[in-house]
Every structure is written in C-alpha cells, then in structure tokens.
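J.: build me a structure from this.
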Amino acid sequence: IIIFPYHTKESMSKLKTTPSTAFFLTDKNNYIISHSNPDLIMSDDPELKDVIERYSALAEKFKGEPTDLMKYTLRGDERVGLCMRSNEGGWLICTANSTDDYGEILDTLIIHQVLFSFVFMIVIIAILGFIVQYFLKPLMHISDGLRAFFAFLNHTSDSITPITIKSNDEFGKMAQAINYEIQNIR
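T.: Next up is the predicted model:
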C-alpha cells in the first residue's frame with residue numbers, strides 16, 4: 001500500500017485529464033511499475049528512463065511535496081509534468097500532459113488578455129482626459145480674462161470683467177495677481 005498525504009490525494013483527485021494525460025508510478029530504482037499506458041510498464045526505453053531519472057532528481061529536492069512543473073520532450077512530443085516522492089517506500093507518483101493540450105486554452109487566455117488590456121487602456125485614457133480637462137479648466141478662464149484685458153488695452157472693448165476662479169491653488173493665485181494688475185492698469 002502506498003501512503004501519500006491527504007492533501008496529495010485531494011490534489012490528485014482534482015486533476016483534469018486529457019487524452020494525452022499520463023499517470024505513472026515508479027519504485028525507488030526508477031522502474032515504472034504502473035502507467036496509464038500498459039506498454040510502458042518496466043520499459044527499458046532510454047529516452048523514457050532519462051525522463052524518469054530527471055523526475056526522480058527533481059522530486060528529491062522537494063522532500064515529499066509536489067515538484068515544480070518539468071518540461072521535456074518524449075518521442076517528439078513536448079510535455080510538462082510534476083511528481084511527488086512518497087516518504088515511505090520511495091515511490092514516485094507522476095502526472096504529465098502534452099503541451100498541445102494547453103494550446104487552445106492559452107490562445108483563449110491571450111485573446112481575453114489583449115481585449116482586457118485594450119479596454120483597460122481606453123478607460124484609463126478616458127479617466128486621464130477627464131482629470132486633465134477638469135484641472136486645466138481654470139486656464140480657459142485665465143485665457144479669456146487676458147483676451148478681454150488686451151481687447152480693453154487695444155480699445156476694442158470698453159470694459160474688463162475680472163477673472164473668476166474660486167480656488168486657492170496656483171491658478172487661483174495667478175488669477176488674483178492678474179486681476180490686481182488689471183485694476184492698477186485700469
């Protein structure tokens with residue numbers, strides 16, 4: 001009987017399988033004793049043995065925890081998988097899938113990410129445009145006030161209306177200074 005921690009059993013039961021999914025179990029000598037493809041049990045295929053040895057070395061670093069994903073090529077098929085070594089008996093249980101299984105999902109994710117990014121940029125540009133327009137609105141009042149003042153100086157207008165900005169920020173202080181100087185010149 002192989003005993004794995006409860007969280008491993010729970011994680012394994014949640015795995016989603018595809019036609020290329022392979023589950024396999026090796027002993028402490030890296031011999032495949034169980035595989036979803038019965039032809040590979042106790043196989044002497046050097047390419048397969050190399051993959052198992054790489055899995056085994058990776059599992060040793062994780063001490064009873066699932067490994068990081070390992071990418072490899074087996075018989076021309078790009079695959080990814082992960083393993084976990086049991087604390088008792090040295091059993092190595094692994095699962096692997098072809099990277100082709102993820103192509104459609106990744107394409108969909110990329111399309112969604114591009115669309116989300118595009119919409120996000122449009123929203124950000126609209127917000128920034130509104131903010132810039134809101135904060136620079138006093139410049140239009142200053143510009144109108146200066147035009148009216150120069151029209152008065154050129155005798156094309158008989159009156160000057162003061163610049164009305166009701167804030168104490170830089171624009172408000174600028175408007176107050178311009179109004180003060182206009183009154184002096186008048």
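J.: helix, strand, or coil at the residue sitting nearest the centre point of the chain?
T.: The centroid of the chain falls nearest to residue 113 when counting by C-alpha atoms, centre = their mean (8.5 Å). Put simply, residue 113 is helix when judged by DSSP: H, G, I helix; E, B strand; the rest coil.
J.: with residue 182 instead?
T.: helix.
J.: from memory it sits against residue 151, does it?
T.: No. Here residue 182 lies out of contact with residue 151, judged by C-beta atoms under 8 Å, at a distance of 12.0 Å. Glycine gets a C-beta too; all of them are placed from N, C-alpha and C.
J.: okay, these two: which has more neighbours?
T.: residue 182 (19 against 14; other C-beta atoms under 10 Å).
J.: ok, for the more buried one, nearest residue in space, not its chain neighbours?
T.: residue 149 (5.4 Å; C-beta to C-beta, 6 or more residues apart in numbering).
J.: can you check residue 69 too?
T.: Using C-beta to C-beta, 6+ apart, the closest residue to residue 69 is residue 80 (5.0 Å).
J.: ok so that neighbour is a helix residue?
T.: No. Secondary structure of residue 80 (three-state DSSP): strand, not part of a helix.
J.: against residue 21, how distant is it?
T.: 11 Å (C-beta to C-beta, to the nearest Å).
J.: intersection of neighbour lists for the two?
T.: Jointly contacting residue 80 and residue 21 under the rule C-beta atoms under 8 Å, 6 or more residues apart in numbering are 96-97.
J.: so where do the strands sit in this protein?
T.: 22-26, 32-35, 70-74, 77-85, 92-98 (DSSP state E).
J.: chain center to stretch 128-142, what's the gap?
T.: Distance of stretch 128-142 from its chain centroid, counting by C-alpha atoms, centre = their mean, to the nearest Å, is 34 Å.
J.: ok, and what's touching that stretch?
T.: 163-165, 167, 169, 171-172, 174-175, 178.
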